[in-house]
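Trainee: Sharing a model that was predicted from the sequence below.
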Amino acid sequence: MTAKTSFCEKESSDGYISNKRRRTTPINPPRSIKKLKQSSSPKHDTFKHGNTINSHLQTAVSFLVKRNYRKGVSVLANGTDGMRRAIRECCFNIIHKEMKEISKKSEKNILSRSMSIETVQQFKWTSVVSELKLKAPTLYGVFSSMLSPQKVQYRTENLPPNPKLINEIGTLYSVLMFKRNAQCKTFQTLNSIQLWTGGCKSTVSERKEAIAEVRVLTQFNRMGWCLGPTATRKAIDVICKDFDKEINEAKSLIEEQSQSMNDEDEEEGNQNSEPSSRNVLSPSGQNELTQTNVRRRLFDVSNKTEQNQHQQEHHPGYSFCWDNIGRHLTVRQQTTDHQNKYHMWALAYAAVNRVQTTNLPTDDHVPASTIPLKSFLPSDEDIIDLKKRLIFEVETIAAEYLQAFKSHSPKPFTHQHTAVMDKKSHLINLGIIQENPSSTAGTIAILEKLHTYVPISNAKLNTCVVYGDGLTCERHNDAHNARAGGRTAEDRLEGLEPCPQEFHKRMLLLQDTWNEFFDGSSSTEKGTLFNIKNAFNHRSVGKDVSKCFNHAVDLLNQVTDSFTLLHLMQLMQIDDIEDIPPDFPKTASAQKVFLNHKATQLIESIWHNCGAESIDPAEIPRDDNSQICNCKDGKCT
């Protein structure tokens, strides 16, 4: 005990042993005692919760005072359930007011406009969505938030709608507007028209599957996508009612301007008329005056700027074109009274003339016997223009094949109507005429329909050209012959003049060339069409051009280019298309002159002058009592 007591005393002292022992012994830090919070009473808890609500309100008010409204409303929305319900109710009221305002029927509202062809042509989703954004910005924001994959930018009132969401937003908006007010039906009417053209238009009496089509329209109508069957038919009738409005307006305009032009001519005639002995003409003088007037009207074309400007102010006129179309209707279950049908109808349209024709005289008529033969022959100006055109074609062939003239291709011809002819033609659809054009009665009915659009001036019908293929023109002539005994001009179908168009016209002209030069008996004669056809293996070319039109054109182009090129090479004294003429100039301008000179020399070498004096009927002796034979056999007396 004494030793232990002494050791402990030494350990508690400041000696060496005590210090060494204290350093080697680990010392735990003193444990911190956590101070417990005082428990609060229920009264204190209620007071603390009230401070939380006030803090939300104070935060929201602070944002609102700083005019940071979006953050202020966000703080309120993140508050209590009552705050969120109040904000939702405010949004509901705003959307309800916007829908109530924009769902009113008005012509200013795009979705509630009266249906017409102009409405269909002018309908655009961009306009619909822009109207929605302007009149109902809250609803537009809801749609954008629903459809946009990214966060919607709210401060974009001045920016256009998102182009990627225009169709979707417009469709949702149109369906909601239609369910709110059935008068806002522009979108549904367009869908109904598409379904109608797709085949959902038959009645039960026509096809049994029409019941299914009516069900399609009914179900889609309940979903707000289209109109019902009855409303669809009414919309089609409204649109088809004014399908010829444009052609009727053009007809009225031509009639008005014809009347005004006739009034001006009468006033000028009254002012210039002076009774004098010079107005009394002998029969020979009257004949000369008639010949002069006809000659002037046939060939004198004014190029004055004032007249061209005056013509541009008037309607240029229009022409018609129609052709037969076929429609094959099939039935699901054929019976004795319910068979497949094939309808032969006609499709017609009117084309506005690019060059004015309404200014041409159509009122004066003279006997054909009083018109001199020279009036029907090419004038001197026509001969010069034809030579220039042929020289142009020769230069074009030389620039295409001859190596020395590759860079000297001539520029296209220009005339007074070049700028107008470069524009695209304006077509007016006249729809389908449900008459059979294969019969004479059906063709007459088609022409009677077109005859309603022929302008009338001074109680006379203006002549309108009716284009078509060769068969259509033949049927047109047959219809004219069938109605030739009519009492009035309308009964005789006057005012409609048939004319072949496009490749049918070229085919008829090419057939005349084939009848003259394409003969199988000339197959052994070098240089003939038939010989060249066999030499160059044009097996598809035959006598009937209508069955080998493209092949016949290729053969004729090859023959024309070949003979022209051979003759030109002979004039230039070269043996190959790669050769250079011996007297070929070095400058580009001189080379063009050289080519033009050779082309002119070629045309002059093959040109055949036919003077009008050599066929003057006045020089042909003829008995006064002789009559012209009108029959084909020459047996009439």
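Mentor: Cool, the structure landed.

Trainee: Could you use CA atoms for every contact and neighbour count after this?
Mentor: OK.

Trainee: At which residues are the strands of this structure located?
Mentor: Along the chain, counting by DSSP state E, strands occupy 318-329, 341-352, 427-433, 456-457, 460-461, 464-468, 496-500.

Trainee: Give me the residues contacting the third one.
Mentor: With contact meaning Cα atoms under 8 Å, 6 or more residues apart in numbering, strand 427-433 is reached by 243-244, 246-247, 345-352, 446.

Trainee: And the last one, by the same measure?
Mentor: Applying Cα under 8 Å, 6+ apart, the external contacts of strand 496-500 come out as 447, 451, 454, 463-470, 473, 476-477.

Trainee: mind listing what that strand pairs with, with the direction of each?
Mentor: Strands that pair with strand 496-500, judged by DSSP bridges, come out as strand 464-468 (parallel).

Trainee: as a whole number, average confidence for the partner strand?
Mentor: Mean per-residue pLDDT for strand 464-468: 93.

Trainee: any idea how far Asn531 lies from Lys66?
Mentor: 99 Å (Cα to Cα, to the nearest Å).

Trainee: Give me the more crowded residue out of the two.
Mentor: Asn531 (19 against 10; other Cα atoms under 10 Å).

Trainee: Report the contact partners of that one.
Mentor: With Cα under 8 Å, 6+ apart, Asn531 has these contacts: Ser522, Ser523, Thr524, Glu525.

Trainee: Same question for Trp225.
Mentor: Here Trp225 is in contact with Val175, Phe187, Gln188, Asn191 (Cα under 8 Å, 6+ apart).

Trainee: 10 Å instead, please
Mentor: 171, 174-175, 178-179, 185, 187-192, 217-219 (Cα atoms under 10 Å, 6 or more residues apart in numbering).

Trainee: most surrounded residue in the contacts of strand 427-433?
Mentor: Going by other Cα under 10 Å, Ile446 tops the contacts of strand 427-433 with 24 neighbours.

Trainee: That one and Ser438 touch, don't they?
Mentor: No: using Cα atoms under 10 Å, Ile446 makes no contact with Ser438, being 11.0 Å away.

Trainee: list the residues that contact both of the two?
Mentor: Any residue near both Ile446 and Ser438 by Cα under 10 Å, 6+ apart counts here, and that gives Trp345, Ala346.

Trainee: quick check, nearest of the contacts of Asn531 to Gly542?
Mentor: Gly542 has its nearest neighbour among these in Ser523, at 13.0 Å by Cα to Cα.

Trainee: what's the nearest residue to that closest one if we skip its chain neighbours?
Mentor: Once flanking residues are discounted, Ser523 sits nearest to Asn531: 4.4 Å by Cα to Cα, 6 or more residues apart in numbering.

Trainee: Contact partners for His56?
Mentor: Ser62, Gly72, Val75, Leu76, Asn78, Gly79, Thr80.

Trainee: Arg539 now?
Mentor: Applying Cα under 10 Å, 6+ apart to Arg539 gives the contacts Lys533, His551.

Trainee: for Asn162, same thing?
Mentor: The neighbours of Asn162, taking Cα under 10 Å, 6+ apart as the test, are Thr126, Val129, Ser144, Ser148, Ile169.

Trainee: Any chance of JSON lines for those residues, columns neighbour count?
Mentor: Shown next, in JSON lines, are the contacts of Asn162 (neighbours: other Cα atoms under 10 Å):
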{"residue": "Thr126", "neighbour count": "16"}
{"residue": "Val129", "neighbour count": "26"}
{"residue": "Ser144", "neighbour count": "22"}
{"residue": "Ser148", "neighbour count": "12"}
{"residue": "Ile169", "neighbour count": "22"}
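
Trainee: ok, those vs Ile606, which is closest?
Mentor: Nearest to Ile606 among those, counting by Cα to Cα, is Thr126 at 65.0 Å.

Trainee: Isn't the closest one up against Glu168?
Mentor: No: counting by Cα under 10 Å, Glu168 is not a contact partner of Thr126; they are 11.2 Å apart.

Trainee: quick one on the thing from earlier: out of the strands of the chain, which gets nearest to Cys90?
Mentor: Comparing the strands of the chain under Cα to Cα, the one sitting nearest is strand 427-433, at 52.8 Å.

Trainee: Figure out how far the closest one is from the centre of its chain.
Mentor: Distance of strand 427-433 from the chain centroid (Cα atoms, centre = their mean, to the nearest Å) equals 14 Å.

Trainee: what do you get for stretch 515-528?
Mentor: Computed by Cα atoms, centre = their mean, the chain-centroid distance of stretch 515-528 equals 46 Å.

Trainee: got a list of what the residue lying closest to Ala350 once chain neighbours are set aside touches?
Mentor: By the measure of Cα to Cα, 6+ apart, the closest residue to Ala350 outside its immediate chain neighbours is Phe320, 4.5 Å from it. Counting by Cα under 10 Å, 6+ apart, Phe320 touches 348-352, 427-428, 430, 450, 453-454, 464-468, 496-498.

Trainee: Give me the mean pLDDT for stretch 168-186.
Mentor: Averaged across stretch 168-186, the pLDDT comes to 87.

Trainee: Now do the buried residues in that stretch.
Mentor: If you call a residue buried by 16 or more other Cα atoms under 10 Å, then stretch 168-186 has these buried ones: 169-171, 173-179, 181-186.

Trainee: and if you look at stretch 498-514?
Mentor: Pro498, Cys499, Pro500, Gln501, His504, Lys505, Met507, Leu510, Gln511, Trp514.

Trainee: Tell me which two in these are the farthest apart.
Mentor: Greatest spatial distance in these: Pro498 and Trp514, 24.0 Å, computed using Cα to Cα.

Trainee: And the pLDDT for the nearest residue to Gln434 once chain neighbours are set aside?
Mentor: The shortest distance from Gln434 to any non-neighbouring residue, by Cα to Cα, 6+ apart, is to Trp345 (5.0 Å). Note on Trp345: pLDDT of 94.

Trainee: now Trp345: how far from Ala459?
Mentor: Using Cα to Cα, we find Trp345 at a distance of 32 Å from Ala459.

Trainee: Same list (the strands of the chain) but as CSV, adding distance to Arg539.
Mentor: As requested, the strands of the chain are arranged in CSV below (distance: least, Cα to Cα, whole Å):
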stretch, distance to Arg539
strand 318-329, 32
strand 341-352, 35
strand 427-433, 40
strand 456-457, 52
strand 460-461, 50
strand 464-468, 30
strand 496-500, 28
